[in-house]
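Q: model the structure of this input:
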Amino acid sequence: MVWRSVMISRPARLRRDHFSLAIEQEETAFIPFEDIAVIVLNHREITLTHPVLSACAEYGIGLYATGSNHQPAGVFLPFLPHSRTTRMMRKQLGIARPTAKKAWAGMVRRKIENQAACLRLCGKEGVDRLESYARRVRSGDVDNLEGQAASFYFTRLFGPSFDRSQERWTNAALDYGYAVLRGAVARGLVAHGLHPTVGLFHDSEQNAFNLADDLIEPFRPLVDLHVAKHGASTEGELIPADKQALVALLNADIGMPQGRMSALSAIEYAVESLVRVYEENAADLHLPMLIGLQQHQLEY
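A: Down below sits the predicted model:
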């Protein structure tokens, strides 16, 4: 299973060297393509060859490009390798509304449960209230408990004056971490033949990642926990070390019904369970449980 996230923040030339990505800087580093899940290009003086793009498609690698603000601005997704894309698109478009609403409620419920876990891990008050919100989520979240929980949660986590529209380090870090997770979720969706544009709940005509924005919800508190733990007194802009730490969250431990695993692996299992919802009207999604920030240790 793929496990590495590669972030490049200095001038470099990327080329394909047989089965490896060659990163040419002062010295040349070689990373097997089969080990890579995502590559983040975070410098304007990075060049890459066409065979690198071909390898990203061949090996199912998500390739991010950052914009002038150094936030992820685009992602190259490997659509073509999956053989059942059209069939899955029909399944997505034809899903029964009760099934879609039940799946969305499951995502919202787990998101709020993970927000409660985030407050608990940070030693903040309000855990009981969020757990109460989670218990009351109904099919389709008709009472918008997701929105009510978010309004309460962020002010408990970051302080009563916190607002997501403010220009500050905390919001920049949240946006960067969410963007990385969003691209990883989109990569997992297309790898399993799903189209990220067709969502269960999100349905904006201007959003190419509606389904990714559905499935990312229970993963968001992982970013929140990191930002709350590491940015309480941080001001100014994100520095390369901040971004590297946010990308590294893809390798943080997450709880899943199958056991403890990296966030990247958890995304794979969550997407596989979502495929079963479309194909079999399966009742339950396999969704992540926030357990901390420990980096996943590979076993050999």
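Q: and the helix or strand hosting Ala241, average pLDDT?
A: Per DSSP states H and E, Ala241 falls inside helix 240-247. Helix 240-247 carries an average pLDDT of 89.
Q: now stretch 223-231
A: The pLDDT scores in stretch 223-231 average 93.
Q: so what's Met107 closest to, chain neighbours aside?
A: Nearest residue to Met107 in three dimensions, chain neighbours excluded: Glu217, at 5.0 Å (Cβ to Cβ, 6 or more residues apart in numbering). No exception for glycine: its C-beta is placed from N, CA and C like everyone else's.
Q: so that neighbour touches Lys111, yeah?
A: Yes - if you go by Cβ atoms under 8 Å, Glu217 and Lys111 touch, sitting 4.4 Å apart.
Q: in terms of packing, which of those two has more residues around it?
A: Between Glu217 and Lys111, counting by other Cβ atoms under 10 Å, Lys111 is the more crowded of the two (27 against 21).
Q: longest single helix anywhere in this structure?
A: Longest helix in the chain by number of residues (criterion: DSSP state H): helix 97-121.
Q: going by neighbour count, which residues in that helix are buried?
A: Of all the residues in helix 97-121, those buried under the rule 16 or more other Cβ atoms under 10 Å are 99-119, 121.
Q: and what of stretch 136-151?
A: Buried, per 16+ other Cβ under 10 Å, within stretch 136-151: Val137, Gly140, Asp141, Leu145, Glu146, Gln148, Ala149, Ala150.
Q: which residues in the stretch 1-150 of the chain form strands?
A: Counting by DSSP state E, counting those that start in this stretch, the stretch 1-150 of the chain has strands at residues 4-8, 12-17, 20-24, 28-32, 36-41, 46-48, 62-66, 72-76.
Q: just put the ones you listed in a markdown table and tack on mean neighbour count, distance to Ala270 and mean pLDDT.
A: Shown next, in a markdown table, are the strands of the stretch 1-150 of the chain (neighbours: other Cβ atoms under 10 Å; distance: least, Cβ to Cβ, whole Å; pLDDT from 0 to 100):
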| stretch | mean neighbour count | distance to Ala270 | mean pLDDT |
| --- | --- | --- | --- |
| strand 4-8 | 19 | 17 | 82 |
| strand 12-17 | 18 | 30 | 95 |
| strand 20-24 | 19 | 27 | 95 |
| strand 28-32 | 13 | 25 | 93 |
| strand 36-41 | 23 | 14 | 86 |
| strand 46-48 | 16 | 30 | 94 |
| strand 62-66 | 21 | 16 | 84 |
| strand 72-76 | 17 | 18 | 76 |
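Q: wait, which of those is closest to Asn171?
A: strand 72-76 (14.9 Å; Cβ to Cβ).
Q: which parts of this protein are helices?
A: Under DSSP H, the chain gives helices at 50-59, 85-93, 97-121, 127-135, 145-158, 169-191, 210-215, 220-230, 240-247, 263-280.
Q: that'll do, ta.
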